[in-house]
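Novice: below are the sequence and a predicted model; questions follow.
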Number of protein chains: 6
Amino acid sequence: MSTVRLLSDDEIRRSPEAWAVFEDIRATRKSDFVNNFWRALANDPPRMRSVWEQLKTVMMAEGELSPLVREMIYIAVSTANGCSYCVHSHTASARAKGMTDGQHAELLAVMAMASQTNALATALQVPVDDAFHVK
Amino acid sequence: MSTVRLLSDDEIRRSPEAWAVFEDIRATRKSDFVNNFWRALANDPPRMRSVWEQLKTVMMAEGELSPLVREMIYIAVSTANGCSYCVHSHTASARAKGMTDGQHAELLAVMAMASQTNALATALQVPVDDAFHVK
Amino acid sequence: MSTVRLLSDDEIRRSPEAWAVFEDIRATRKSDFVNNFWRALANDPPRMRSVWEQLKTVMMAEGELSPLVREMIYIAVSTANGCSYCVHSHTASARAKGMTDGQHAELLAVMAMASQTNALATALQVPVDDAFHVK
Amino acid sequence: MSTVRLLSDDEIRRSPEAWAVFEDIRATRKSDFVNNFWRALANDPPRMRSVWEQLKTVMMAEGELSPLVREMIYIAVSTANGCSYCVHSHTASARAKGMTDGQHAELLAVMAMASQTNALATALQVPVDDAFHVK
Amino acid sequence: MSTVRLLSDDEIRRSPEAWAVFEDIRATRKSDFVNNFWRALANDPPRMRSVWEQLKTVMMAEGELSPLVREMIYIAVSTANGCSYCVHSHTASARAKGMTDGQHAELLAVMAMASQTNALATALQVPVDDAFHVK
Amino acid sequence: MSTVRLLSDDEIRRSPEAWAVFEDIRATRKSDFVNNFWRALANDPPRMRSVWEQLKTVMMAEGELSPLVREMIYIAVSTANGCSYCVHSHTASARAKGMTDGQHAELLAVMAMASQTNALATALQVPVDDAFHVK
C-alpha cells in the first residue's frame, strides 16, 4: 500500500547502517516489534538513522516535559496535519507510556477546542494584540 | 484589519449577553485587558458566550492534564493549522501559566519532529500496523 | 510585501493579454478597482487569463448554487487553508453579493463546528461506515 | 481501526448520559442507524453530549442558511482539512437533505477553484488591499 | 469507497464529452489504463474536460521545468495537503517519468526539512526580513 | 512581532554554540546578512545548530537534485503549509540560486494545479488504484 517497499528483516540486514538502527530501535524499546514506518524509511539508511537519532533526542532525552506530554503534543500535531499513520502510532506510544483514557479524552477536547477557535480567528482575521508581541 | 469590526467596551455594553461574557472574562482572568478575539466575536453574542463557556470548561476545569499542558497542546494545534493570532495569544497564555523558556523550546522541538515525520509517513503512505489497531 | 512585483496599470498595459483581462475584470465587476491578486498574477499573463476565465465560469455562470452560496464556500475553503488574502477578498465579495451579518455568523459557526469534529474524527481515526460508501 | 473502541449499543446503554444522546440522535434523525463517529465519542459521554448539542444548534436550528447550504460548507471545510470520515458522512448527510448531483458538482468546482487561488495568493504573498479592511 | 460512483468504460461512453477525454487520456499516455480519479470526475464531463486540459498544459507543455521536476513538486504539494490518492498517483507518474530511488529519497528529505522549519517559523512567528520583500 | 526575542549579534555572541552557527551561516553564504529565522532560533542554541546542520546536508550536499530544484520543492511545501515567512525566505533563496521568472511562474502553476486536484480527489474520496501500490 505504501509508495516504497516495506523491507523485511532479511532485506534490512543487507545494509549495515539500516540494521544498526533496527537493532538500536529494538534495544531502546525493549521489544522485537519494529513498526512499518521504519521498514519504509529503511530504503534510505542514512535518513533512517538521522530520523531515529533525532527522535531519540527529542522524545526521550532528559528534559522539562515528560515523555508522555511530548507524545500528546505529537498526537496533536499529527492530527492537525491529518497523518493517519502518525495518529495511530503515537496514540499507541502514548498509551504505552501510561496515557489514561481520561488524559486521552482531555487531549481530544483541547484539540477540538483549538481547531474551532483557529477557524474563527482565521475567518475573522483578528489582528494580534500589542500585548502579545514579545519585545 | 479584521473581517468584522472589533467592538469597543461601549459597543459591547449595548448587548447584555456580550457584556456579561466580557465581565466574566475579566473576573476569571483577574485583569481588565480583553484581547481582540473577543472584540471580534462580540458581533455574535450567543456564539461568543458559547465559545467562552466551552473554553472555560476545556481549558480551566479540574482534570488530569495541567492547564499549562493544555496550553502547550493548544499552541501545537494552532501552529499546525497556521493560525498566527492563536499562536500569539496562546503562547502568551502559556507563559502566564508558567511556561519556561526550556519548556517552550522542547515544545517547539516536538512540533518540528512531528511535522517532519508526518511529511515522511504521508509521502511514503505507510500502512498502519495491525498492532496499532484498537480491538 | 509580495514575492513578485505588484504591477501598476501602466505596466500591465504593456502586455495586451494582461490588459485585456484587466479590462474584462473592470467591465464584469462594473468597477475601476482591481485588487492586488490580479496585479501580482499579471506577471504571468497567460496564467492570469486562465485563472480569470475559470473564476468567471465557476463563480458567476448560471448554476444550481447562488453566487452568494459559492462565495461562502470559497470563504470556508480559504479559512481552512489559512489564506489570509483570500479570506479578506472573498468576505468582501460575499458582502458585495448581499451576505448579511447573520449569514456571516452562521457561516463561521458551521466552519467552527466542522473544524472541531474534523479534529475529533481524525484523532479517533473513525472508520467510514458502510452506509456512507457509494455503490 | 480506530484509536478507541467503537462501542456497541449494549456498551453505550451502560452510561445513562451516552444512552440519552443515542436516543436523541435516533429520534432527531428518525432512523435507527447511528454512525461510527458517535460510537467512538461515546467513550467520553460528556463530550459526546456537548458535541451533539452543538451540532443540533449549529446545523439544524432555524437560521438564515438552509440546512443543505450548511452541509455543503461542512463538506468544504472537511475536504480542506483532509478528514476522510467527515467528507464521507457529510456528503451522505447533504444527499439526505436533497443535494442534487449538479449541486455537488458545483460545490466541488468552487472548492477546486478556491484551493487553486489559495495556493497562488499564498505563494505570491499578496498584501491585503486597503479596500478589504473593515473599519 | 468514493463519494460518487466510479464509472465504467460503458457508462462513460454514454457521454460524448467524457468519452472524448477518455480517448485523449489513452492516446496521450499511450496506455489503456485510466485511473480512478477520471472515473470519478467523469460524473461531471465539462469539469473532467477542463481539469484534463489544464493538466496537459501545466504538466506536459514545453517549459523551463522538466516534466519530472513538475511531478516532484506535485508530490510535495499533495503530501503537505494530505491527499493519499494524489501522493500515490503522482509518485507512480514520477517513476514512470524516470524518478530514481535516489531522487525520491532527496525529495522526501527536502519535504521533511521544510515541514520542520515551517512549524518552527510559524510557532516563532518570525517577522519577514525587509531583504525578502520584492520592491 | 515574534513569540521569542530576535537576538542581536551582541546577544548571540554570548553563546559560543550559537555564535559558531552564526559564523558558519555567514561563511557558507558568503554574506554578512543573517535572517530573522536564525535570530529567533538562537534562543535555543543546540536546536539552532541541529537545524542548520540538517539544512546544510539536505539543501546543499551533493545529490541527484540540483539546489534550485530543492528550493522549489521547499517553496511548494511552505506554500501548502501556509508559512508566510518560509515562502518569502525560500523564494529569495531560489532567486539567489538562479530561479528565472519563467521557472517561478511554472512552479506556481504546478502548485495551483495540484491544490485543485488534491481538493477534488479528497472530496471524491477516490480509492487508490491497485496499479499504484508498490509490491
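Specialist: Great, that's in hand. Numbers count the residues shown, from 1 in each chain, chains lettered A, B, ... in the order given.

Novice: now the helix ranked longest in chain A: buried residues?
Specialist: Across chain A, the longest stretch assigned as helix under DSSP state H is helix A:101-124. Under the neighbour-count criterion of 16 or more other CB atoms under 10 Å in any protein chain shown, helix A:101-124 has A:103-124 buried. Heads up, the C-betas are built off the backbone N, CA and C, glycines and all.

Novice: can that helix be found next to chain F?
Specialist: No: Helix A:101-124 stays clear of chain F (CB under 8 Å from any CB of the partner chain), getting no nearer than 9.6 Å.

Novice: for that helix, what is the average pLDDT?
Specialist: Taken as a whole, helix A:101-124 has an average pLDDT of 98.

Novice: that helix close to chain B?
Specialist: Yes: applying CB under 8 Å from any CB, one finds helix A:101-124 in contact with chain B at A:102-103, A:106-107, A:109-118, A:120-124.

Novice: likewise stretch A:44-58?
Specialist: Yes: looking at stretch A:44-58 against chain B by CB under 8 Å from any CB, the contacts come from A:51, A:54, A:55, A:58.

Novice: go through those residues and flag which are in helices.
Specialist: A:51, A:54, A:55, A:58.

Novice: the residues you listed into JSON lines, with extra columns for distance to residue D:21, neighbour count and pLDDT?
Specialist: Listed next are these as JSON lines, based on distance: CB to CB, whole Å; neighbours: other CB atoms under 10 Å in any protein chain shown; pLDDT from 0 to 100:
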{"residue": "A:51", "distance to residue D:21": "42", "neighbour count": "21", "pLDDT": "98"}
{"residue": "A:54", "distance to residue D:21": "43", "neighbour count": "18", "pLDDT": "97"}
{"residue": "A:55", "distance to residue D:21": "40", "neighbour count": "17", "pLDDT": "97"}
{"residue": "A:58", "distance to residue D:21": "39", "neighbour count": "21", "pLDDT": "97"}
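
Novice: which one of the residues you listed is nearest residue A:92?
Specialist: residue A:55 (14.9 Å; CB to CB).

Novice: list the contacts for that closest one?
Specialist: Residue A:55 makes contacts with B:113, B:117, as judged by CB atoms under 8 Å, 6 or more residues apart in numbering or on different chains.

Novice: between the residues of stretch A:44-58 next to chain B, which sits nearest residue B:23?
Specialist: Distance to residue B:23 across those (CB to CB) is lowest for residue A:58, with 43.1 Å.

Novice: spatially central residue for chain A, please.
Specialist: In chain A, the residue lying closest to the centroid (CA atoms, centre = their mean) is residue A:74, at 4.8 Å.

Novice: need the residues of chain A near chain E, please.
Specialist: With CB under 8 Å from any CB as the criterion, chain A comes near chain E at residues A:3, A:4, A:43, A:44, A:47, A:51, A:77, A:81, A:82, A:83.

Novice: wait, does stretch A:93-111 contact chain C?
Specialist: Yes: judged by CB under 8 Å from any CB, stretch A:93-111 comes into contact with chain C at A:107, A:108, A:111.

Novice: how about the nearest residue to the last one, chain neighbours excluded?
Specialist: Okay, so that is residue A:111. Taking CB to CB, 6 or more residues apart in numbering or on different chains, and ignoring the residues beside it in sequence, residue A:111 has residue C:119 as its nearest neighbour in space, at 4.7 Å.

Novice: with the first one instead?
Specialist: Leaving out its chain neighbours, the residue that sits closest to residue A:107 by CB to CB, 6+ apart is residue A:72, at 5.1 Å.

Novice: just give the number of residues close to that neighbour.
Specialist: Neighbours of residue A:72 under the rule other CB atoms under 10 Å in any protein chain shown: 28.

Novice: how about residue A:17?
Specialist: 12.

Novice: give me the element it is part of.
Specialist: Residue A:17 belongs to helix A:16-29 when assigned by DSSP states H and E.

Novice: span of stretch A:31-45 from start to end?
Specialist: 21 Å (CA to CA, to the nearest Å).

Novice: tell me if it is near chain C.
Specialist: No: if you take CB under 8 Å from any CB as the test, stretch A:31-45 misses chain C, and the best it gets is 15.4 Å.

Novice: ok, that stretch near chain F or not?
Specialist: No: looking at stretch A:31-45 against chain F by CB under 8 Å from any CB, there are no contacts, and the closest approach is 9.7 Å.

Novice: is chain D contacted by that stretch?
Specialist: No: using CB under 8 Å from any CB, stretch A:31-45 stays clear of chain D, with a minimum separation of 14.9 Å.

Novice: neighbouring contacts of that stretch?
Specialist: Taking CB under 8 Å, 6+ apart as the rule, stretch A:31-45 contacts A:2, A:4-8, A:11-12, A:15, A:17-18, A:21-22, A:25-26, A:47-48, A:51-52, A:85, A:89, B:117, B:120-121, B:124, B:126-129, B:131-132, E:101, E:105, E:108-109.
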